[in-house]
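Enquirer: Predicted model and sequence follow; I will ask about them next.
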Amino acid sequence: MTEAERPVLIPPGGARRVLLHSCCAPCSGEVMEAMLASGIDYTIFFYNPNIHPRREYDLRKDENIRFAEKHGVPFVDADYDKDEWFRRAKGMEWEPERGARCTMCFDMRFDRTALYAHEHGFPVMTSCLGISRWKNMAQINDSGHRAAKPYEGLSYWDFNWRKGGGAARMIEISKREEFYQQEYCGCAYSLRDTNQHRREQGREPIRIGELYYKEDPK
């Protein structure tokens, strides 16, 4: 799909101003370019206290800032707040991916996003989290709607960013921009479980900061 063929996106209620919760540049790249193509005025809200360790967090955030600056998109760098995340995750350390710990994590991040949207006059919030095929889209959307519900006049936009070639364009953009390619969801327990799976397959553990997307050779 070319830029000219992109459908015009219309947020809930026809709003033209959106707060986009972003977890990283690879996941947000397609969402950002899709909203720009539709003339939507949006701001990125980066609040991801789950990402561990700090080096991984900084790599993901810095890539997101780089891409936002390239497009002239405002970027809100929220608190890391990792101690509170670990406090909330207590007792859920061995929950599987997509389980109760992930729901807690989405709720925590979206609650802060919704509060910022309410305090700064955004009528709509959304997230790029659901574009990843590794995520449960219904789980993410449920958290988004729960977070927005307490605030009158705030809606959560549960658009399916994967459809219409969105998931493929996410990879294309990542290769074009040579984004940092993270190899696990983000939290300490995801890193632990991914490395355990690698050991069982006889593979090397994740080396943070080494893998980047590359354009396919012509």
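Expert: Yep, it's here. Numbers count the residues shown, from 1 in each chain.

Enquirer: my guess is residue 147 contacts residue 155, does it?
Expert: No - using Cβ atoms under 8 Å, residue 147 makes no contact with residue 155, being 10.9 Å away. Glycine gets a C-beta too; all of them are placed from N, C-alpha and C.

Enquirer: okay, now the closest residue to residue 37 other than its chain neighbours: neighbour count?
Expert: Once flanking residues are discounted, residue 37 sits nearest to residue 6: 4.8 Å by Cβ to Cβ, 6 or more residues apart in numbering. Neighbourhood size, residue 6 [other Cβ atoms under 10 Å]: 16.

Enquirer: now swap in residue 200 and tell me
Expert: Around residue 200 there are 8 residues (other Cβ under 10 Å).

Enquirer: quick one, helices of the chain?
Expert: 25-37, 54-71, 82-89, 100-119, 137-148, 166-177, 188-200 (DSSP state H).

Enquirer: residues touching the nearest residue in space to residue 33 that is not next to it in sequence, list them.
Expert: Nearest residue to residue 33, sequence neighbours excluded (Cβ to Cβ, 6+ apart): residue 173, at 6.6 Å. Under the criterion of Cβ atoms under 8 Å, 6 or more residues apart in numbering, the neighbours of residue 173 are 26, 29, 30, 33, 179.

Enquirer: So which of those residues is the closest to residue 162?
Expert: Nearest to residue 162 among those is residue 30, at 9.2 Å by Cβ to Cβ.

Enquirer: Quick check, pLDDT for that closest one.
Expert: With respect to pLDDT, residue 30 has a value of 96.

Enquirer: do the same with residue 169
Expert: For residue 169, the predicted pLDDT is 94.

Enquirer: next one: the one 5 residues further on
Expert: The score at residue 174 is 97. That number is its pLDDT.

Enquirer: The residue nearest to residue 205 when sequence neighbours are not counted - how many residues pack around it?
Expert: Leaving aside its chain neighbours, residue 205 sits nearest to residue 195 (4.6 Å; criterion: Cβ to Cβ, 6+ apart). Other residues lying near residue 195 total 16 when counted by other Cβ under 10 Å.

Enquirer: Kindly report the same for residue 17.
Expert: Residue 17, neighbours per other Cβ under 10 Å, totals 15.

Enquirer: how much space between the spatially closest residue to it that is not a sequence neighbour and residue 60?
Expert: Distance criterion Cβ to Cβ, 6+ apart; nearest residue to residue 17, sequence neighbours excluded, is residue 41 at 4.8 Å. Going from residue 41 to residue 60 by Cβ to Cβ, to the nearest Å gives 24 Å.

Enquirer: More neighbours: the two, which one.
Expert: Neighbour count, other Cβ under 10 Å: between residue 41 and residue 60, residue 60 has more, with 23 against 13.

Enquirer: From residue 204, how far out is the spatially most central residue of the chain?
Expert: With distances taken as Cα atoms, centre = their mean, residue 23 lies nearest the centre of the chain, 3.0 Å away. Distance, residue 23 to residue 204, using Cβ to Cβ: 25 Å.

Enquirer: so where's the protein uncertain?
Expert: 1-5, 217-218 (pLDDT under 70).
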